[in-house]
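*Asks:* Below are the sequence and a predicted model; questions follow.
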Amino acid sequence: MAKAYLSIGSNIGNRIENLQAAIDGLRKAGISVEQISHVYETEPVGGVVQDDFLNLAVRIATQLTAHELLDQLHIIEQNLHRKRLIHWGPRTIDLDILYYANEIINDETLTVPHPEIKNRQFVLVPLLEVANQDLKNQVQQMLEVTSDHNLIVKTNK
Ligand SMILES: Nc1nc2nc(S)n(CCO)c2c(=O)[nH]1
């Protein structure tokens with residue numbers, strides 16, 4: 001079983017229900033969801049004017065390869081009516097692979113580790129909650145140097 005870390009976000013519709021449905025989708029696909037971070041209310045990054053997101057991070061264990069996992073995440077997004085209308089625009093749900101085991105992947109469909117991790121507090125802050133000790137140290141260092149100072153508020157969920 002490979003350990004992987006995902007970032008999940010939503011800024012359209014019932015955002016908390018969308019997040020829960022995404023996690024349910026992971027479990028229905030036979031993916032073990034080992035730990036779920038708190039949910040954070042976060043200002044959108046990427047330059048597109050849009051509503052705030054709810055974001056969280058999860059640690060999973062899976063027998064799927066990284067590309068099989070990506071395909072599964074796309075199925076979950078399609079089931080939750082994700083529409084890719086504007087690049088970096090609003091979405092009902094977004095699931096990104098942050099890390100997959102210790103693999104480094106750079107091909108036309110998948111880049112792992114995700115290239116934006118170090119630039120995004122909405123990824124780093126939830127990830128810190130679910131990271132193992134090695135990764136926690138790396139995430140802490142990235143948090144200390146990130147230039148992203150967008151609002152991020154931990155909810156009680
Ligand atoms: N706060 C916040 N901003 C975002 N911009 C994009 S694109 N996304 C989608 C993930 O790449 C997000 C997000 O999930 N949260």
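*Replies:* Done, it's in. Residues are numbered from 1 along each chain as shown.
*Asks:* contacts, neighbours, all on C-alpha from now
*Replies:* Will do.
*Asks:* Grab the nearest non-local neighbour of Val45.
*Replies:* Spatially, and ignoring its direct neighbours in sequence, Val45 is nearest to Asn150 (7.6 Å; Cα to Cα, 6 or more residues apart in numbering).
*Asks:* So what's the residue count around that neighbour?
*Replies:* 13 (other Cα atoms under 10 Å).
*Asks:* Contacts for the helix or strand bottoming out on mean pLDDT in the chain next, please.
*Replies:* Lowest by mean pLDDT, DSSP states H and E among the helices and strands of the chain is strand 152-154, with a mean of 87. Contact with strand 152-154 is made by His38, Val39, Tyr40, Glu41, Thr42, Glu43, Gln121, Phe122, as judged by Cα atoms under 8 Å, 6 or more residues apart in numbering.
*Asks:* what's the answer for stretch 63-76, then?
*Replies:* Here stretch 63-76 makes contact (Cα under 8 Å, 6+ apart) with Met1, Ala2, Ala22, Gly25, Leu26, Ala29, Ile31, Leu95, Asp96, Ile97, Tyr100, Leu110.
*Asks:* where does Gln20 land in three-state SS?
*Replies:* helix (DSSP: H, G, I helix; E, B strand; the rest coil).
*Asks:* and it, how many neighbours does it have?
*Replies:* As a burial measure, Gln20 scores 12 neighbours (other Cα under 10 Å).
*Asks:* And the pLDDT at it?
*Replies:* Turning to Gln20, the model gives it a pLDDT of 98.
*Asks:* And it, how far from Val112?
*Replies:* Per Cα to Cα, to the nearest Å, Gln20 is found 24 Å from Val112.
*Asks:* next one: Lys136
*Replies:* Taken as Cα to Cα, the spacing of Lys136 relative to Val112 amounts to 17 Å.
*Asks:* next one: Ile97
*Replies:* Computed as Cα to Cα, the Ile97 to Val112 distance reads 7 Å.
*Asks:* Near the ligand, which residues of this structure? Just list them.
*Replies:* For the chain, the contact set with the ligand under Cα under 6 Å from any ligand atom comprises Gly9, Thr42, Glu43, Pro44, Val45, Gly46, Phe53, Asn55, Trp88, Gly89, Asp94, Phe122.
*Asks:* Mind doing that once more with 5 Å?
*Replies:* Within the chain, the positions near the ligand by Cα under 5 Å from any ligand atom are Gly9, Thr42, Glu43, Pro44, Val45, Trp88.
*Asks:* Perfect, I'm done here.
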